[in-house]
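Participant: The following comprises the amino acid sequence and a computationally predicted model.
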Amino acid sequence: MRLENKNIVVTAAAQGIGRATAIAFANEGANVIATDINEEKLNEMKANHSNIETHKLDSTNKLDVENFCSSLNNINILFHAVGFVHHGAILDCDSEEFQRSINVNIYSAYLMSHSLLPKMIKQKKGNIIIVSSAASSVKGVPNRFIYTTTKAALNGFVKAIAVDYIKDGIRCNAILPGTVETPSWEGRVQMADDPEQARKDFISRQAMGRLAQPNEIASMAVYLASDESDFVTGTLNLIDGGWTL
């Protein structure tokens, strides 16, 4: 029960990393508020965990986020996992696609953090965990121009919050996964001209010869959410199976 009595908001909790992390938090005794735009999948998770409540939320919508956050009290941790993976180099994306990814990958993190930070500061303790990516300022990846750009921005976002609010008792850290086997990843594989070859290509570029599982990312999230990591802030935590070596 490493997270007993902690109140945690999890975004993008309907599937993948967000879902695995929400469940891991709940299993460690936390009171979890799981949010996503997919209400059906949220309700499936809620049915199996008594300490998870759910809320349909578009984290890119300013009014929705403000209304949701204003209703919360005593929030200890924000785990923000909202993200979108665009495929292509700079000449393969138009301005609308670029703006969409900024909105989903960066603006959502801003809205959630901006709305919850004042509550954390008032409590003199708070913790923000952002899901970034190894594909960012850490590693260039072919045909991931917008994604690496926005995730690199999130790495700076985490550092900035950590340094600005350390005296207020706020910690802020990032998790930088490599390739994780999630429904989102599976969807990208199925969009390829040859899905079977695309699957093999994804796996072959992994130093360990396999993809990460969502629960492996959740394990790092539990550590960062717990008091065990109370001296940790402003860090970029790679979980990439040696991809960046």
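Facilitator: Perfect, I can see it now.
Participant: how near is the closest residue to Asp230 other than its chain neighbours to Thr54?
Facilitator: Spatial nearest neighbour of Asp230, excluding adjacent residues (C-beta to C-beta, 6 or more residues apart in numbering): Arg171 at 7.6 Å. No exception for glycine: its C-beta is placed from N, CA and C like everyone else's. Distance of Arg171 to Thr54, computed by C-beta to C-beta, to the nearest Å: 26 Å.
Participant: In whatever helix or strand Asp201 lives in, which residues are buried?
Facilitator: With secondary structure defined by DSSP states H and E, Asp201 is part of helix 195-204. Applying a neighbour-count criterion of 16 or more other C-beta atoms under 10 Å, one finds Arg199, Phe202 buried in helix 195-204.
Participant: Output that helix as PDB, nothing but the C-alphas.
Facilitator: Output in PDB follows, covering the C-alpha atoms of helix 195-204 (Å, rounded to 0.1, in the frame of the first residue of the first chain):
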ATOM      1  CA  PRO A 195       1.300  -4.700 -40.700                       C
ATOM      2  CA  GLU A 196       3.200  -8.000 -40.000                       C
ATOM      3  CA  GLN A 197       6.500  -6.500 -41.400                       C
ATOM      4  CA  ALA A 198       5.800  -3.300 -39.400                       C
ATOM      5  CA  ARG A 199       5.400  -5.300 -36.200                       C
ATOM      6  CA  LYS A 200       8.700  -7.100 -36.900                       C
ATOM      7  CA  ASP A 201      10.500  -3.800 -37.700                       C
ATOM      8  CA  PHE A 202       9.300  -2.200 -34.400                       C
ATOM      9  CA  ILE A 203      10.500  -5.200 -32.400                       C
ATOM     10  CA  SER A 204      13.900  -5.500 -34.200                       C
END
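Participant: That helix packs against which elements?
Facilitator: helix 183-190 (3 or more C-beta pairs under 8 Å, 6 or more residues apart in numbering; DSSP states H and E).
Participant: and the angle from the helix it packs on to helix 195-204?
Facilitator: 120 degrees (axes from the mean of the first three to the mean of the last three C-alpha atoms, to 10 degrees).
Participant: what is the mean pLDDT for helix 183-190?
Facilitator: The pLDDT scores in helix 183-190 average 76.
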